[in-house]
Structure formats: structure tokens, C-alpha cells
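Engineer: predicted model and sequence below, questions to follow.
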Amino acid sequence: IWVGVLTWRQSSMGATDHVSAIVLGRCLTYTRNMHPELRNQDCKKILNTFTSAFVSKDPCNITKEDYQPLIDLVTQTVPCNKTLFWSRSKELAHQYSGIQKEMFTLEDTLLGYIADNLVWCGDPRTSEVKEEFCPYRNENCSSTATSVFWTVVSQKFAESACGTVYVMLNGSRTTAFSKASTFGSVEVFNLHPDRVHTLHAWVMHDIGGVERDSCLGSSIKELKSIVNQRNISFFCQDDYRPARFVQCVRHPEHPSCSVLM
Ligand SMILES: Nc1nc2c(c(=O)[nH]1)N1CN2[C@@H]2O[C@H](COP(=O)(O)OP(=O)(O)OC[C@H]3O[C@@H]1[C@H](O)[C@@H]3O)[C@@H](O)[C@H]2O
């Protein structure tokens, strides 16, 4: 028995304790304090619709359809020209949108805000939200409650974008753009060309880090090709200056920061 439990636990990750309480609290904070224009949202109904997507179900076989009631319930529009996607640059993207308050990353929307950094799942044997272990997403368990959630809400986020949209990419990685990423496999293909006319990419490099990719690199050429084929204009900037300022707050002495000041 123990071998089985140990094996199972090695392939599982710690679920977040008290997920329901956290999701309810975050929903109330977001709709009553941060965005009072959403104060009529029913957070208890949002929580129940969220948990109904995965409780009592196989934790490795969650479907997009399981989350459709939640997507239908929470309708929030992001202003045109204010959508910021990111890939392998979560921290800087949120530091930037935390200062440039007009910009919206997915976390700056209600659904992204309530779920960020949480792990959750259900179990066919109980109607409870698991409080201990959830299976890791791997080749034997590809559709977990958490991974399917981010795919679904990322698709919705991209579909509702309009005007000029932005993406922050990481030029300190060998490929700043990857078709295997959520941005590269879900979001970029769900931008509506009749709503989105331009995509601006910002390829950011760690202060003092190695510059492995850039706007001139092959991965960005691939992104440009995908975007242009979808009748969307593409522009790229290395180390977009306002985002560079944010990075320099932590590295004021670095030479690349002194020229900015
Ligand atoms: N907490 C969040 N997680 C995620 C968001 C998001 O917005 N918030 N995601 C995806 N995502 C989950 O993060 C990793 C990949 O990140 P990472 O490899 O760094 O980058 P991805 O392009 O895969 O995903 C970021 C992209 O998708 C949305 C967000 O609007 C960004 O434009 C993977 O598990 C995804 O399911």
C-alpha cells in the first residue's frame, strides 16, 4: 500500500489548502474593493460554478466544457489597446501592469485574479475540493483542473482582446517565443483579426543576464510570420524602455540602468 501511496504522491503536487475560502475572498476583494464596477457579481455563485467544474470528476480528465458555465457567468471586458500577454516573464509583466494600471494581464481580470498561483482538483469518490494532493500534469495526466482552467481563460482573454495588444517575452531564454507555450499555442491563435489589428512584442532581457534571443532572432521571426498570416500587424522592441525602468528599480547601479536615468 505504502509503495502505491508514495508513487502516487511523487506524481502529485500539493493542492492549495482552503482553495474555496481563498477564491471566495479574492472574488470579494476584486469586486468590492479593486473593481467596484463589478460589485454586483455574485461571488458565492462564482465559487460554486468554479468548483462544479472539477469536483467529483477524474482529476486527469477535465475538459474545456467543464469550465464553460464559469466562462459564461463571468463576463468582463478589457478596454481596447490595454491587453498584455506574457510568456516566461510573469513577474516582470505583473510588476509592469502593477504600475501601468491601465494595462491588463490575465491576472488583472477577475478570473485570473481569483486563481493565480493556486493548485486545485477533485476526486470521483467525493464532492469535496481536494485539500492535499493533486496529480502533476504529465503525459499520463494531461488534462488537470488547473491546466485546463488556464487554457480556457487564456483563450477567452485572447478572444475578447481588441485594438493594439502587447506581449512581454523573455530574451534571456534561447527562444523568447515558443509555439509550445500558452501564448504561442492558445492566445496568439485566438486573437480575432477583425478586432485586433496590431501586436507589439517586447523582448526583455534580465539585467546583467545573457542576451540569448532578441527581436532579430528566429523565434520572433516565427511569431511575426504567424501574426502576419493572421492579417495582424507585428512590431517588436528589445528592452521596451518603460519596462526596463521597472527592472532597473532593483538594479539602479547597473550600467544599462545609469544611461536610463
Ligand atoms: N497564473 C497564470 N498562469 C498562466 C497564465 C496566466 O495568465 N496566469 N497564462 C498561462 N498560465 C499558465 O502558466 C504556465 C505557463 O507559463 P509560461 O510558460 O511562462 O508562459 P505561457 O505562454 O505558457 O503562459 C502565459 C500566457 O498564458 C496565460 C497568460 O495570459 C499569458 O499570456 C502554464 O502552466 C499556463 O497554464
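Structural biologist: Structure's in. What do you need?

Engineer: helices of this structure, residue ranges please.
Structural biologist: Assigned by DSSP state H, the chain shows helices spanning 2-10, 19-28, 43-52, 68-73, 90-99, 110-115, 145-159, 182, 218-229, 241-248, 255-258.

Engineer: tell me which of those sits most buried.
Structural biologist: helix 110-115 (a mean of 22; mean count of other C-beta atoms under 10 Å). Placement of C-beta: from N, CA and C, glycine included.

Engineer: is it true that residue 214 touches residue 237?
Structural biologist: No: between residue 214 and residue 237 no contact is recorded; they are 10.1 Å apart, counting by C-beta atoms under 8 Å.

Engineer: give the residues shared as contacts by these two.
Structural biologist: With contacts taken as C-beta atoms under 8 Å, 6 or more residues apart in numbering, residue 214 and residue 237 have residue 203 as neighbours in common.

Engineer: what parts of this protein come near the ligand?
Structural biologist: 85-88, 90, 106-107, 112, 116, 147, 150, 154, 157, 181-183, 187 (C-beta under 6 Å from any ligand atom).

Engineer: show me what residue 12 is bridged to.
Structural biologist: residue 135 (DSSP bridges).

Engineer: neighbours of it, how many?
Structural biologist: 19 (other C-beta atoms under 10 Å).

Engineer: kindly reformat the helices of the chain as CSV containing distance to residue 121.
Structural biologist: Output for those, formatted as CSV (distance: least, C-beta to C-beta, whole Å):
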stretch, distance to residue 121
helix 2-10, 13
helix 19-28, 9
helix 43-52, 11
helix 68-73, 16
helix 90-99, 22
helix 110-115, 13
helix 145-159, 5
helix 182, 19
helix 218-229, 33
helix 241-248, 35
helix 255-258, 43
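
Engineer: looking at those helices, spot the one closest to residue 169.
Structural biologist: helix 218-229 (7.7 Å; C-beta to C-beta).

Engineer: contacts for that closest one, please.
Structural biologist: So helix 218-229 is in contact with 169, 175-179, 184, 188-189, 199, 201, 203, 213-214, 233-234, 236, going by C-beta under 8 Å, 6+ apart.

Engineer: can you give me the offset of that helix from its chain's centre?
Structural biologist: 21 Å (C-alpha atoms, centre = their mean, to the nearest Å).

Engineer: same check, this time on stretch 24-31
Structural biologist: Counting by C-alpha atoms, centre = their mean, stretch 24-31 comes out at 18 Å from the chain centroid.

Engineer: oh, and call the first residue 52 from now on, that's how I've got it
Structural biologist: Let's use 52 as the start, then, which means that last one is stretch 75-82.

Engineer: need the residues that contact that stretch.
Structural biologist: 89-90, 92, 94-95, 97-98, 161, 164-165.

Engineer: and of these, the nearest to residue 194?
Structural biologist: Out of those, the member with the shortest distance to residue 194 (by C-beta to C-beta) is residue 165, at 20.6 Å.

Engineer: ok, now which ones touch that closest one?
Structural biologist: 74, 77-78, 81, 97, 101.

Engineer: same thing with residue 170?
Structural biologist: Residue 170 neighbours (C-beta under 8 Å, 6+ apart): 64-67, 185, 197.

Engineer: residue ranges in this protein under the pLDDT threshold?
Structural biologist: 52-62, 311-312 (pLDDT under 70).

Engineer: try it again at 90.
Structural biologist: 52-68, 126, 128, 181-184, 186-190, 259-261, 305-312 (pLDDT under 90).

Engineer: not counting its neighbours along the chain, what's nearest the residue nearest the centre of it?
Structural biologist: Residue closest to the average C-alpha location in the chain (C-alpha atoms, centre = their mean): residue 157, at 5.4 Å. Of all residues not flanking residue 157 in the chain, residue 163 sits nearest, at 3.7 Å (C-beta to C-beta, 6 or more residues apart in numbering).
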